[in-house]
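>>> Dropping a prediction and its sequence here:
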Amino acid sequence: MNDVKKIKEVFDDRITESFDTEYEVLLPGLNEDIVKEISRVKNEPEWMEAVRLKSLEIFKKKRDPQFGPTLEEIDYDKVVAYARPGAKKARSWDEVPDEIKEAFDKLGIPEAERKILAGVEAQLDSEVVYSHVKKVFDKLGIIFTDMDNAIKKYPDLVKDHFMRIVPPTDHKFAALHGALWSGGTFLYVPKGVKVPMPLQSFFMVNLPSMGQFEHTIIIVDEGAQATYIEGCSAPLYGVHNLHAGVVEVYVKRGAKLKYLTIQNWSKSVFNMETKRAIVEKDGTMEWISASFGSYKSMVYPSVILKGENSHANVISVSLTGKGQHIDAGTKVYHMAPRTTSTISSKGISMAGGWSVFRALLRISKGAKGAKASVECTSVMMDNESRSDTIPILEILEQDSDVGHEAKIGRISDEEIFYLMSRGLSEMEAKTLIIRGFMEPVIEELPLEYAIEINRLISMEVEGSVG
Amino acid sequence: MVKTFELVHGKFRSIVRNPRRIKLDDYGEEIIKNLPNSSFRMVLFEEYKNIDFPIWRRLEMEGLSLPSRPPIVKLETNAKSIYECSKLDILKEYDFEGSDRKYVLLADIFHTSGVCFEGSGKISVKMTGDSIDTNVYVIDGEAKIKRIFDGNFRVTNSRFIIKKNAKLYLEDLLFVSGVEVENIFFYIEENASVEYNDLGVSKGKVAKAVFVIGEKDSKIVINPRVASSSAADVLYFSRSNVRNMMYVDGHGVSIGDGKIIFRGIMDIKKGAVGGDYSEKFHTLLLDESSTFEAIPSLYVQESELSAQHGASSSPIPDDELFYLMSRGFDLEEAKTMIAQGFLLDIDFSKEAEDFVKRVLK
């Protein structure tokens, strides 16, 4: 490992613009030595090092995706694959160092939210810096921990579920993730347990050129239910950061998971995250996301409805502003009879941003009685922006019922005029209308997150008006 | 040349996926030398010879098996032949990429037949047999054109230039038992309009693409009716940077192992203020192994407009089948009647019913 002086030599004065947290980092670059070093410092079992090295080989052979934003700006040789904050893991919020608290302050996480957070797994760059799992979870047998700890304490459970739904062969960024992954969350909810409150994690990138490759595994066992909230953010740097996390969700028979994401990466981040869930008989998976940040994104949360009568519900809202090219959407695969899914997307593009919504809906042969609907509504705040919708419906089963609708339009001048005539400024009027448009997601969130989203909307609209 | 995809916005660019390609036995210069207007064809051949045949994954079509020589179709028409056309430069003036550049060039270079029409009035075109043809229509008044193709193999282009204030009513009736690759280009001038009723019935593979560029206040309504027991991939494309209108309302019937693919691309640029764009596709899956795909996409850079798309698929509703069966029809008869009604719900000529019956059998 290199010390912090070495980092300052690498990043020169940019490091001083960052939060004043000490780090141990590996030098930028992507090669076998770096990958082995990550495995060594994390004291991983042999099988994990083998996964990393195999993934690296796959990565070298993979080309960029043949759709979506161009990615030639990503310089893999400059990506810092691993950084450990100098802070030790804290048992309580009081023990978390002030500079890290300050980082959360800058991201606008309200004080009340911190107090309410039930079980926090906050990842500052690559390591969990704060971990607090309530005793009640222990009593219920819920495992909610960071991935490094999970590998040590539950090796078989991790091995059986690690990169099984998202294998390194899937695409270039899955392979990169397999080689460099670090940190993330492991959640296991035992049979029949209903988690009494939302579980929450927060991820942030806190160094220029830092890569964020967290891995999250969630297993909701038969008949269990849980809600998981994930937030992510990063300060703005003069260089690009890369986020290539992976989320694997296993929803067992009759289980239910609601997974909420509030994505507010800074507008220097390439967000190349892969999220996938597999749902067994009578299970339900819900992806609910609100996306505001990143420079370029390619994120398509997917659900594989493997079991009969399983269900997927995907709701997303996004706000794409100045200097952003966001290519996002959803994939749902109906693999079994009587599976149902609903996809609802709402997108706003403004201030010259480019928003692309993609959906892939496949009704496989044999998925008799499947029902699915895709609905997409986009609003353009001006004619400097761009909004594309590209749904793909593949219906291979006759006995199925599928519908899709999409609309693109703008907020009418009459609506804005009406609100302004009641004393609101143009910005307030637009903000109010956008909040109403995003209501389907906002209403799913705990109060603290809803406040945060409303604040983000105001900030984005403020930047686009006048 | 009108490119099919323009995925650029400010400093940002999106990747345009190119199909994999395959080298196949192809026509060469020796064939061109024996065709009329060979010098014109040779100019296009310079581009053609460097492009291999595309592999179309969704259509499961790897290139094209060409007849040893370009076939000559039986043509019955009251219009002029393409060989009598004084304006072959239109092919270059209204050049486009199409569903694949290879096939647009193939038809323009190796055509042995086609129609050239300029003016207004009633035109009928009937082609029977195998064909490589290219066609030019310049409409400067009110025109009603009916075109029928009945054959096994066809690669074809059609360019329609609809002059200012002109009106075109176009009816295409197609039956293909083998392979058809068709590219149609509409250039619609200011305040001109097109109504296009398009019936495509196939027992073989069909790849059809319709491209529309419209000037201010132009209007086009397309009613595709597609039935296939093999595979049909149809694309409706429009690009606008002024106020105009395009409606596509497609019906499909997928029969037996048939697969219907409806695609729409509405590329609406800045300036299309007040434009109105809509594409809808609905497909009936007639049998257990019938399938359907839809990719109705919108690319929008103007906020003051109306743009929407929709797609749906379903089996034939049980209550409709029950109604007919309770009146004495057996299951197959009932299915056929419902499919027929779904395809022929608009005003087609009498030949349409025969084409539909041939595939439903």
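Received, thanks.
>>> Could you list the low-pLDDT ranges of chain A?
Scanning chain A for pLDDT under 70 picks out the ranges A:1-27, A:83-134, A:203-210, A:232-239, A:463-466.
>>> Which parts of it belong to which domain?
What automatic domain parsing lists as the domains of chain A is A:4-299, A:417-466.
>>> Comparing the ones you listed, which comes out most buried?
Highest mean neighbour count among those (mean count of other C-beta atoms under 10 Å in any protein chain shown): domain A:4-299, with a mean of 19. C-betas here are computed from N, CA, C, even on glycine.
>>> still on that earlier bit, for the domains of chain A, which one sits closest to chain B?
Closest to chain B of these is domain A:4-299 (C-beta to the nearest C-beta; 4.7 Å).
>>> Need the residues that contact the lengthiest helix in chain B.
The longest helix of chain B (DSSP state H) is helix B:331-343. The contact list for helix B:331-343 (C-beta atoms under 8 Å, 6 or more residues apart in numbering or on different chains) reads B:199, B:225, B:227, B:251, B:253, B:255, B:284, B:286, B:316, B:320-321, B:324-325, B:329, B:353, B:356-357, B:360.
>>> got it, and stretch B:208-216?
With C-beta under 8 Å, 6+ apart as the test, stretch B:208-216 has contacts from B:2, B:4, B:96, B:98-99, B:180-192, B:196, B:198, B:200, B:220, B:222, B:232-240, B:242-246.
>>> for the residue of the stretch 51-200 of chain B found nearest chain A, what are its contacts?
Going by C-beta to the nearest C-beta, chain A is nearest to B:Arg58 of the stretch 51-200 of chain B, at 8.8 Å. If a contact means C-beta under 8 Å, 6+ apart, then B:Arg58 has B:233, B:261, B:293 as its contacts.
>>> do the same with A:Lys258
With contact taken as C-beta under 8 Å, 6+ apart, A:Lys258 is in contact with A:226-228, A:286, A:288, A:444.
>>> if you set the cut-off to 6 Å instead, what comes out?
A:227, A:286 (C-beta atoms under 6 Å, 6 or more residues apart in numbering or on different chains).
>>> host element of it?
Per DSSP states H and E, A:Lys258 falls inside strand A:256-264.
>>> What is the distance between that strand and the centre of its chain?
8 Å (C-alpha atoms, centre = their mean, to the nearest Å).
>>> And stretch B:294-312, by the same measure?
Worked out by C-alpha atoms, centre = their mean, stretch B:294-312 lies 20 Å from the chain centre.
>>> got the buried residues for it?
Neighbour counts over stretch B:294-312 (16 or more other C-beta atoms under 10 Å in any protein chain shown) mark B:294-305, B:307-312 as buried.
>>> Same check on stretch B:322-334?
Within stretch B:322-334, the residues scored as buried using 16+ other C-beta under 10 Å are B:324, B:329, B:334.
>>> any idea which of these is closest to B:Lys87?
Using C-beta to C-beta, B:Ala334 is the member of the buried residues of stretch B:322-334 that lies nearest B:Lys87, at 51.0 Å.
>>> Give the closest residue to the spatially most central residue of chain A in space, chain neighbours not counted.
Most central in chain A under C-alpha atoms, centre = their mean is A:Thr261, positioned 5.8 Å from the mean C-alpha point. Once flanking residues are discounted, A:Thr261 sits nearest to A:Ser289: 4.1 Å by C-beta to C-beta, 6 or more residues apart in numbering or on different chains.
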